[in-house]
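*Asks:* Just the structure for this:
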Amino acid sequence: MKMSNDEPNVLSIGTEVSAKYKGAFCEARIKKVNRLLRLKVTIKSLTSPITLSDNEVESGRIKVGGQVLVKRSNSSQSIPATINKILDQSLYTVVFDDGDEATLKRSSLCLKSGKHYSESESLDQLPLTNPEHFKAAAATTTRTDYR
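*Replies:* Got it, this is the predicted structure:
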């Protein structure tokens, strides 16, 4: 799952989310996090990128494009690397509004944001639920004849 720049690498406990559970998104709050970040990095001395855990990073900011120092288990020295991609493979235990709990992957969670609809609009005002309004709206549109 690709994360946007304004989203944190790992969601924190207490964060309100929309969680996909049994095919539907429901409001929930994060109760517990089993953190696991995987980083795809490029090391100058290697020809292809490698994937490693975030706890192998000794210093540097973990963000896409960030320069970090990596400590590999097979090497005694730190190696400079550039982060290409961040994968959140953490497991999140969430509590739904009705009290149910579930453990989900990050791909099943979305940060809860503002409302997804305009407050001035109700379902009664939409054309499919008010056919008379739809006819009136269609009659007011102008048609241009091209000859």
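
*Asks:* Tell me, domain by domain, which residues of this protein belong where.
*Replies:* Domain ranges of the chain: 1-36+89-113, 37-88, per automatic domain parsing.

*Asks:* Leu91 versus Gly103, what's the distance?
*Replies:* In this structure residue 103 is Thr, not Gly. Distance, Thr103 to Leu91, by C-beta to C-beta, to the nearest Å: 5 Å. For glycine as for every other residue, the C-beta is placed from the backbone atoms N, C-alpha and C.

*Asks:* about what we covered before: can you redo the domains of the chain as JSON lines with mean pLDDT and mean neighbour count?
*Replies:* Putting the domains of the chain into JSON lines (pLDDT from 0 to 100; neighbours: other C-beta atoms under 10 Å) gives the following:
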{"stretch": "domain 1-36+89-113", "mean pLDDT": "85", "mean neighbour count": "14"}
{"stretch": "domain 37-88", "mean pLDDT": "87", "mean neighbour count": "14"}
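
*Asks:* Ramachandran coordinates for Ser108?
*Replies:* phi -100, psi 10 (degrees, to the nearest 10).

*Asks:* quick one, what contacts the residue lying closest to it once chain neighbours are set aside?
*Replies:* Excluding the flanking residues, the one nearest Ser108 by C-beta to C-beta, 6 or more residues apart in numbering is Lys20, at 4.4 Å. Going by C-beta atoms under 8 Å, 6 or more residues apart in numbering, Lys20 touches Leu104, Ser108, Leu109, Cys110.
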